[in-house]
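Asks: Show me the folded form of this:
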Amino acid sequence: MNTEVYEPDEDTYFLTEQIRKLIKTRKFESVLEMGTGSGYISLSIADKVNKILGVDINSKAVEFAEKNRKEQKIENVEFKLSNLFEGVAEKFDLIFFNPPYLPGKEDLSCDGGEKGQELIEKFLIEVKNHLNEGGIGVILLSSFNNISELERRFNLVKLGEMELFFETLYCYKLLK
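Replies: Below is the predicted model of the structure:
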């Protein structure tokens, strides 16, 4: 694995499981993965959706995800560099994000801002502008975040949770 790119872990697998459950209940034509890292989730669901765009602020992640895509010979996934939605003009049926959520670690894959959720808040403010009518946004949160504040401010609906020995992971959706 490339040490400059976030390696898939429990949070990645948990979010993948939640995305697969959504895909079983509805057809998504266009999908955006924010913070794609290695591209693991996008590549693992590529056969279930029409088109996927994976973006990341880390150029090494984009290169690594593209390498994985080519090795797996997957044609309906594209990866590109973007700081959140800065390089994204399109709208999507599904947008999902496994964000960095730890306070001030100064590592792109972990640092969610001073409180650990500034990046999450920015995503949740902007995501509705990039969803098609009836689209769904999905985000992974942690017990390190102020969950009750985020639920209240952004009208989030819990899809699932996973207990780990040091934290609890939550998967939430928000509707357009």
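Asks: and Ile74, what is it in contact with?
Replies: Contact analysis of Ile74 by C-beta atoms under 8 Å, 6 or more residues apart in numbering lists Leu43, Ala46. Just so you know, the C-beta spots here come from the backbone N, C-alpha and C atoms, and that holds for glycine as well.
Asks: ok so it is a strand residue?
Replies: No. Assigned with DSSP: H, G, I helix; E, B strand; the rest coil, Ile74 falls outside any strand and is coil.
Asks: what does the longest helix seen in the chain contact?
Replies: With DSSP state H applied, the helix covering the greatest number of residues in the chain is identified as helix 10-25. Helix 10-25 has contacts (C-beta under 8 Å, 6+ apart) with 28, 37, 40-41, 44-45, 48-49, 94, 96, 98, 136, 138, 140, 142, 159-160, 162, 164, 169, 171, 173.
Asks: Can you give me the buried ones in that helix?
Replies: Within helix 10-25, the residues scored as buried using 16 or more other C-beta atoms under 10 Å are Asp11, Thr12, Phe14, Leu15, Thr16, Gln18, Ile19, Leu22.
Asks: still on that earlier bit, just the ones of the contacts of helix 10-25 in strands?
Replies: Leu94, Phe96, Ile136, Val138, Leu140, Ser142, Leu159, Gly160, Met162, Leu169, Cys171, Lys173 (DSSP state E).
Asks: So the fourth one sits against Lys158, correct?
Replies: No. Val138 sits out of contact with Lys158 when judged by C-beta atoms under 8 Å, with a separation of 11.1 Å.
Asks: Mind listing the shared neighbours of those two?
Replies: Residues touching both Val138 and Lys158 (C-beta under 8 Å, 6+ apart): Cys171, Tyr172.
Asks: Please identify which of those two sits among more neighbours.
Replies: In terms of neighbours (other C-beta atoms under 10 Å), Val138 is the more surrounded of Val138 and Lys158; the figures are 22 against 12.
Asks: ok, now which ones touch the residue nearest to that one when sequence neighbours are not counted?
Replies: Distance criterion C-beta to C-beta, 6 or more residues apart in numbering; nearest residue to Val138, sequence neighbours excluded, is Phe96 at 4.1 Å. Contact analysis of Phe96 by C-beta under 8 Å, 6+ apart lists Leu15, Ile19, Val31, Leu32, Glu33, Met34, Ile41, Gly137, Val138, Ile139.
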